[in-house]
Each structure stands twice: as C-alpha cells, then as structure tokens.
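Undergrad: quick check, what structure comes out for this input:
(3 chains, ligands or ions: 2)
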Amino acid sequence: MATEQPTWERFDRRRRLSRFVLLLVAAVTVVASWRFMDTGVARPETIPREIADLLTRMYPPDVAYTTQIVQPLIETVQIAALGTLGAILLAVPVALLAAENTTPNAATFWLGKLIVTVSRSVNTIIWALFFVVLFGSGPLAGAVAIVFRSIGFLGKLLGEEIEEIDFGQVEAVRASGASSAQILLYGVLPQVKPALVGLSIYRWDINIRDSTVLGFVGAGGIGVELFRAVNAFAWQSVAMVLIVILGVVVVTESLSAYTRGLVR
Amino acid sequence: MAAGNRTWERPTVFRRREVKWAVYVGIVGFVLWSGVGVGADPARIAQGLGSAGSLVGDFLPPSATPRQAQRIADKMLESVAMAMVSTLTGIVLSVPIAFMAAENLSPKPLYAINRGFISISRAFNAIIVGIIAVKAIGFGPLAGILTITFKTVGFFSKLLAEDLEDIDMGSVNAVRASGASPIQTVLYGVVPQIIPRFAGLSVYRWDINIRTSTIIGIVGAGGIGSVLLTAFNRYDYQYVTAILLAIIAVVLVAEGVSAVVRRRYT
Amino acid sequence: MLQVTDLRKTYPTGDEALKGVTTSVEGSETVAMIGPSGAGKSTFIRCVNRLTEPSGGEIYLDDTELTGLNDDALRAARRDIGMIFQEYNLVERLTVMENVLTGRLGYVSAWQAFRRSFPPEDIERAYEILDRVGLGEMENKRVDELSGGQRQRVGIARAVIQQPKILLVDEPTSSLDPETSNTVMRLLTDIAAEREVPVLINIHEVDLAIEHADRIVGLHDGELVFEGSPSELDQLGLDQVYRGAEVPENADDGQAPETTGDGDVLPDTDRPLAGET
Ligand SMILES: Nc1ncnc2c1ncn2[C@@H]1O[C@H](COP(=O)(O)OP(=O)(O)O)[C@@H](O)[C@H]1O
Ligand SMILES: [Mg+2]
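TA: Ligands and ions are numbered 1, 2, ... in the order given. You can find the predicted model right below:
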C-alpha cells in the first residue's frame, strides 16, 4: 500500500495535467474558430430581437392550412416506413459481413465495414440529392435516400450484436448438418432478434424526423410544403407545419419507446 | 404414446391465428400502399438503377481545380469552427436549462416549460432549424451556430437533466446540512456527481455537431454544405465527389477523436 | 462404426492438442474418454464432425472418410453424427420443440425450416423423444425457462432425433449437480442402448465413466495413454491418464510413480477416485 501511494498520485497528476491541456486546447480552438469565421453581423445583440420578431409573425398558426398538409404528412410516414423496411432487408446481410464471427473472409469483412462507413458518413439529405438526380424529384428518391442512410446505422449496430452472440448455439445447429441459411435462421437470428426489432423501431423513429426535411431537395414529404411556405414568407403556415411535425415526432417517439419496451 | 400423428405449430405472440394473419395482411397492405404512395413502381426503380451505372461514372474520379480545393478547405474549416463554437455555447446554455428541467430540483411550471423547449429542440431536424435561423438572421455561419447551439441544448440538457434526477440526494442534503448556500450546495453536492458523464457527453455531442455543421450549409447556414449544393446544381459531379470525400474524412476523424477521448478521459 | 487413425490437431496458437490418436467405437458400445482438462478430449470430438478442422489423420464413419469431404458431403455426414454439448448449446430463445427439430434441419429446405413446417413423421418422432426424456407437454416452453437438467434432456433429444450412426457427447454433466448428472448419464446410455447407437462420451468424473461405459480410453496431453474395460482401469492407469506417469518398472508398493515432469499435477479435488483404492 505504502509503495503504491506515490505512483498512484503521480498518475493522477499526469491525468489532471493532460485533462487541463485538453481543455486549454479546446478553449483556444473555440476562440480561434470564432475569430476565423466571417459571421457577417456587426451587432450580435440584435439577434434575439430578430428571432422574437419572427416568432411574432408566426402567431397565430394558420389552422386552415392543415387540410393542405395532410397528404404530404402521409407521404412522409410512407417514406419513413418504406425506407426503414428496405434498410432492414439490406442491413441484415451487411451486418453479417461486418461482424467478425459471421463474415466469410477478411475481404468481405472490410467490404462490410466500408459499406457501413460510407452509408453512415453521408447524411440523409446528401443521399437525397444524389437520388433525386437518379430517380427525379419525388418521394421515391427520398425513400431510397432513407434506405441508404439507414443501412449503415443498422448494419453497424446489428453487426455489433452479432459479434456478441453465443457461438456455441450456432455450432450446435451446424453440427446437426444444417445449411448456412438454416444456421442463420436457427442459430443466429433468434439470438439477435430482439436487437433487430429494437434497432429497427429506433431507426424508424429517426427516419420519421429525417423524412421531414427531404422536401428541401425535392425528395418528397412534408418538407416540400414547409419550404414552400418559408419561401413565400407565409409564417403562419410555417408555424402550422411545425406544429404538425412536432406532433408526429412526439407520437412516433412514444410509440417507438413503447414498442421497444415490449420486445424481449 | 399411441397418440397417432400429433401436429405442432409454433406458438404465436398473437392469441389467435386469425389475429396473426390479420396483422400480417395489415402490414403487407400498408407496405403496398406506401409503395404506391411514394411512386415506387418497379419499372421506374429498374430504370433509375439502370442509369445508376452511367451516373456513378459521372461522379468518378473525384476532382477539384486548385481553386475548388481551396474553397473546400476554407468552407470545411468554417464547418469545423461552427461546430466548435456551438458545442461550447450549447453546453453552457444547457446547464441552466438542465437544472430547470430536472424534476427534483425545479418547480413544476418551470420544469414543464423547459421540458417543452427540450422536446421542440429535439423534434426538429437541423435542416429545419437552419432554414428558419437563416430567415431570421440572414445567411452565414452565425445562423449555423444558432442552429447547432439550439440542437445541442435539446440533446444535452435532456441527458443532463436525467442525470440530475438520478443523483444521490443524500450527499446533496449532507452538503446542505453543513450550512452551505444553495450555490455551494450545487457546486459541492451536485456537480461532482455529474462531472464524469458531462465530459463524455460533451465530446460525443461535439462529434455529432461536426456532422451537422457539414450539411446545414445546404440551407445557407454556413460551412461546406453550400459548396456541395452548388456543385450539385451545376452538375459538377466529380467536384461533388471530392467534397463528399472531404466530408467523410472529417466525419471519420471527428468520430475517431471522440471515441479516443471518451475512452481515455471518462 | 467410427474408426479414427492417427488424428492430429495443432491450433493456430501452436497448441498441439492431439498428437496422433488412434481409436475406434464399434457396435453399440459406450466408450468413455477420460483425461484431465486440456488433454484434448473436446478437440477430439470436435474434429470428428469437423467443427474443428483436424490437421492430420483419418476418420471413418462406416465407409465414409470424413476429413476429405467437401461442404455438401460434410453436411450430409453430420446428419449421421449426433452431438451433445457441455453447455447444452441450445438456442435459448427458441422453444423446446424448435430446438429438438433443429436435429432434422439436414433433411428440410431453408424455407421449410423458416416456416417451421417439418414433415409429420419428424413432429411425431419429436413428441415421442420428448416423452422418452421426460419432457412431455413441455414442447412450447422457451428453453431459457428450463433448468440445467431439463436443458440437457432437450440436448439429448435434439441429438437423438437425428437418428445418428453415432453420438458424440462432450462432458454432458459438468454443468450439472451430481444427482442430476447421474440421471442424465443413465438416460443417455439407456436411450443409446435402446436405439443401438454407439456413444463416445467425454467425461471428467471417472466414477461416472466406470459406472456407465463399456470401454474407457484415456487421453493425456494429446496422446492416448489408456485403453481398456472399466475393470482394467486401476490406479496405475489413472496415474498415466491424470499425471502423465510413464509405465514404471517397479510399482509394487502401490505408490504413485514419479510424474514425467511436465508439471501436470492435479489438485486433490481434481483427483478422481481419491481415497477409493
Ligand atoms: N480454439 C483453440 N485455440 C487454441 N488452442 C485451443 C483451442 N481449443 C483448445 N485448445 C488447446 O488445446 C488443448 C486441448 O484442449 P481441449 O480439447 O479443450 O481439452 P479438454 O476438452 O480435454 O479439456 C488445450 O491445451 C487447449 O488450450
Ligand atoms: Mg473439454
């Protein structure tokens, strides 16, 4: 004990020092960042007033506008549902490639990692830009964009779940003479099923939110209405759309939390 | 034993088999309806994927003129700078909001208002927040900072408030009982309990903010996003790929840094 | 009949787990493979159905040489080899019936497997076997709700429904309490006898081996050091198996001979039959 004390203290001091350096670096970077940017306003103190100004113009929300946003809202839900479903179907094989214990060889492992990384590093809205070029503007491009963004998310997290499974159960199925597909169905799938369901619902929840902005690049959904209203400076309509989005997101989130609680 | 041919069907979570089929039919119906709704007709998909080959060809290889490369670098720096500043402002603003949104520390009406604010912040995608910020205060990185700060506050104060609700009130009361003022009570009773996770969450959020800062330029809120949108609109696809690679690289570096810092310092 | 000749296994880590083991299991006998932990018992069994790839040697199951089979032929061959595991290795989140039917996967398509639509004979046979192992009426219970003894009964049922030519059993009782161990062992050997299936069983507890086996083989450090009937397994044989003793010239005093110096000295608790001779 007595000999342990000093080394422990020295370690702690070093830790503290490195933490301090880290904080200092962070602080300097923030200050440098601020000075680097050309923020374009001479008087930041006017910002709160301008925001308040905008909020006043939003009031009262244009309730009559609701009828016009029902259809885009339905489209948003459809985009999210289809996108999530497509992503699940494609993410399962990707996860199997990206998991160390199920991937056939090193090449397939890195292929899996590559797909996951590219998919995850590119935001939904950027994927949407790409697919609008491919499919023309409209919700189809949006749904495919959702698929491509979600593959990486689901593939990564599902792959991590697959790496955690009990391989003894898989071996037992293999030992009975099962084919690779059967091994997946009986040995792997039951073990990752709760995770698969939970992650899918979670991603669906995220996808509902992501689908609300696809309209900005012409990829369908309620975003189309929102940006039309914004560009027309119809702030009361904007407020109504925002309220509807808020409602949908809150409902989705509680639904998602509730169903994930059910899965065992 | 001599029960003849017994049959077996897998038990379902639904109480009756008809319910199960009804649910399946419902799901399939919903998917088909959605497919029709988004115009996912197979011919169109096939046609789109058919032209994907040549389109991907247009995107390769990535290329940028020296001026374009310079522009990528400048705007990427702007993105990173926006993320840096707004991580700080976001966290600073989160602290009081988190205290006001912690059920055990805050009076009911204040609690409700702050929870509402958090929900709003979390519900709206950064793109939506960005476009409104741009309309309110004009194009440029300041709108971006405002956007990311707003999103950070929603994320951070929610988690922080939950931590605060979980803190051990015993040690807080002990500090208070020793005659400490309310501020001292918070400093010595509450803060030490939440510091470790605080650090981890900050770095994590910084990582997310880097990602956000690379896209909100699409709506004019500063950073590399505007360059990307312009390149897309000019059909300059090889330049687009160059920008995308830059974005992916920065995102990966941020993720790596965040992972390392969280592992070593929390 | 299983005939293994000069079976070798060297792991990528450099561990020589099997250094040329030759033995056979014939007729419908029960052979117990004893040996200290690390002797290579599990490796041996896993090499037979190639869950672990052997590094050398030959394995004949009846007329089929197993080590050279391609994937499809290996799958077909595995259908004839029932395996029972130490940790049961049941699919925890599936029902008892689904686990038992896993033993029939080699005979149905992936789609049938997915739909759980097995031939009626398989279902009927599954019910019979479940009754036989004492799990009648339990078919729709999820396996993670069962006790250890019940799980190993499911494990036995899963192997037996394969209608295998041989049962390979890896320490079936080491996760069970002594009393359950005994009933499970009895059940296993009885069922094998009823169906006239030969059994190769790895076992740690020598008294269980002596009680239930027709023949005993002893493995030490990857080598076969004993082979004989339970009655032939004396203190000397045990020392060879468990302490790596050389066959001594003068072991008249009944004392344990010198160990070979590989440092493999068992702790008392690990010593089988301690104080019984
Ligand atoms: N997967 C493996 N990788 C490397 N070495 C292994 C592996 N499995 C077993 N071994 C080694 O092989 C030897 C025999 O192990 P095993 O067959 O499990 O013995 P037993 O079943 O008799 O206890 C041991 O030295 C063990 O460390
Ligand atoms: Mg073993």
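
Undergrad: where are the low-confidence patches of the stretch 51-200 of chain B?
TA: Scanning the stretch 51-200 of chain B with the threshold set as pLDDT under 70 gives no residue ranges.

Undergrad: now it against chain A: closest residue?
TA: Among residues of the stretch 51-200 of chain B, the one nearest chain A by Cβ to the nearest Cβ turns out to be B:A81. It sits 3.4 Å away. C-beta coordinates here come from the backbone N, C-alpha and C atoms, glycine included.

Undergrad: find the nearest non-adjacent residue to that residue, please.
TA: Take B:A81 and drop its neighbours on the chain: the residue closest to it by Cβ to Cβ, 6 or more residues apart in numbering or on different chains is A:S33, 3.4 Å away.

Undergrad: which ones are touching that neighbour?
TA: When the contact criterion is Cβ atoms under 8 Å, 6 or more residues apart in numbering or on different chains, the partners of A:S33 are B:V80, B:A81, B:M82, B:M84, B:V85.

Undergrad: out of the residues you listed, flag the one nearest to B:R17.
TA: The shortest approach to B:R17 among the contacts of A:S33 belongs to B:M82, at 56.6 Å (Cβ to Cβ).

Undergrad: which of the three states applies to the closest one?
TA: Using DSSP: H, G, I helix; E, B strand; the rest coil, the three-state assignment for B:M82 comes out as helix.

Undergrad: for it, list the residues it contacts.
TA: With contacts defined as Cβ under 8 Å, 6+ apart, B:M82 is in contact with A:S33, A:M37, B:P141, B:G144, B:I145, B:I148, B:S213, B:G222, B:G223.

Undergrad: so B:P11, which of the three states?
TA: Using three-state DSSP, the structure places B:P11 in coil.

Undergrad: and the pLDDT at it?
TA: With respect to pLDDT, B:P11 scores 81.

Undergrad: that one and C:N140, how far apart?
TA: Using Cβ to Cβ, to the nearest Å, one gets 5 Å for the distance from B:P11 to C:N140.

Undergrad: need the overlap of contacts for these two.
TA: If you check B:P11 and C:N140 against Cβ under 8 Å, 6+ apart, the residues they both contact are C:T95.

Undergrad: so how far is the top helix by length along chain C off the chain centroid?
TA: Once chain C is assigned using DSSP state H, the helix that runs over the most residues is helix C:178-195. Relative to its chain's centre, helix C:178-195 lies at 13 Å (Cα atoms, centre = their mean, to the nearest Å).

Undergrad: show me which residues of chain C sit near chain A.
TA: On the criterion Cβ under 8 Å from any Cβ of the partner chain, chain A has as its neighbours in chain C the residues C:49, C:51, C:75-79, C:81-83, C:85, C:87, C:89-94, C:98, C:102-106, C:110, C:113-114, C:158, C:162.

Undergrad: weed out the non-buried ones from these.
TA: Burial of these was assessed by neighbour count (16 or more other Cβ atoms under 10 Å in any protein chain shown); the buried members are C:49, C:51, C:75, C:77-79, C:81-83, C:85, C:87, C:89-94, C:98, C:102-106, C:110, C:113, C:158, C:162.

Undergrad: filter those by proximity to chain B?
TA: Taking Cβ under 8 Å from any Cβ, the overlap between those and the neighbourhood of chain B is C:E98.

Undergrad: narrow the buried ones among the residues of chain C next to chain A to those in helices?
TA: Cross-referencing those against helices under DSSP H gives C:R75, C:A77, C:R78, C:E98, C:A110, C:A113, C:R158.

Undergrad: could you tell me the per-residue confidence at the last one?
TA: In the prediction, the pLDDT value recorded for C:R158 is 95.

Undergrad: in contact with it, which residues?
TA: Contacts here follow Cβ under 8 Å, 6+ apart; on that basis C:R158 touches A:A172, A:S176, C:G82, C:L90, C:N99, C:V100, C:T102, C:G103.

Undergrad: helix, strand or coil: sort out the residue nearest to B:D41 when sequence neighbours are not counted for me.
TA: By the measure of Cβ to Cβ, 6+ apart, the closest residue to B:D41 outside its immediate chain neighbours is B:G35, 7.9 Å from it. Taking three-state DSSP as the rule, one finds B:G35 in the helix state.

Undergrad: strands along the stretch 1-150 of chain C, start to end?
TA: In the stretch 1-150 of chain C, the strands defined using DSSP state E, counting those that start in this stretch lie at C:2-10, C:16-25, C:30-34, C:56-61, C:64-65, C:81-84.
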